[in-house]
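> Predicted model follows, preceded by the sequence.
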Amino acid sequence: MREHELRLAIERLQARHAAAIDEDRLEEWPLCFTAACRYEITTAENHEKGLPLGIFFADSRAMLEDRVASLRGANIYEAQRYRHIVSPPLIVDSRSDGDGVAAHTNFLVVRTMRDGAMNIFAAGRYLDRIDMRGPEPLFAEKIAILDNRRIDTLLALPI
């Protein structure tokens, strides 16, 4: 795959990921990941120090599906919407065998509450490993590293 095709494929995957969250199609969100995947939300401070505890961790698509089921049926949280603004990805490693890519992508998440109040909820970067072996690329690993050190409320939705 040529570099511009690779970049477009990664951008489409990032767009699908953000749209599933932003448009409340959460059941589609886990479909952006391989069956055996890693998804983590952590702070820049924890990441830089190599601390294993993050804000959220899952090590399979089934865990992500369980998270969505909990959001839909068990968790109680104030109605809110996210809007992701995502930079073009920086490809930092593409294996010559064509089955994997590492990319870094900056993000900004604006949260809008039911009463219309808006704020910048999170800013940071994604560190992604992307599996390119199937018909569509999928995240094998997505680490959302937040620049902010704390979240002001329950982190209900994925970042």
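That came in fine, so what should we check first?
> tell me which residues in stretch 54-69 are buried?
Of the residues in stretch 54-69, 54, 58, 60, 61, 63, 64, 65, 67, 68 count as buried by neighbour count, 16 or more other CB atoms under 10 Å. Bear in mind the C-beta positions are built from the backbone N, C-alpha and C, glycine included.
> Flag the shaky bits of the chain, pLDDT-wise.
75-76, 95-98, 152-156 (pLDDT under 70).
> contacting residues around residue 114?
78, 79, 80 (CB atoms under 8 Å, 6 or more residues apart in numbering).
> The last one against residue 110, yeah?
No: the pair residue 80 / residue 110 is not scored as a contact, 10.6 Å apart, by CB atoms under 8 Å.
> in this structure, which spans are strands?
All strands of the chain, identified by DSSP state E, fall at 33-43, 56-58, 80-86, 90-94, 100-113, 118-131, 138-146.
> Let me have those strands in JSON lines, extended by distance to residue 16.
Output for those, formatted as JSON lines (distance: least, CB to CB, whole Å):
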{"stretch": "strand 33-43", "distance to residue 16": "11"}
{"stretch": "strand 56-58", "distance to residue 16": "18"}
{"stretch": "strand 80-86", "distance to residue 16": "11"}
{"stretch": "strand 90-94", "distance to residue 16": "18"}
{"stretch": "strand 100-113", "distance to residue 16": "13"}
{"stretch": "strand 118-131", "distance to residue 16": "12"}
{"stretch": "strand 138-146", "distance to residue 16": "10"}
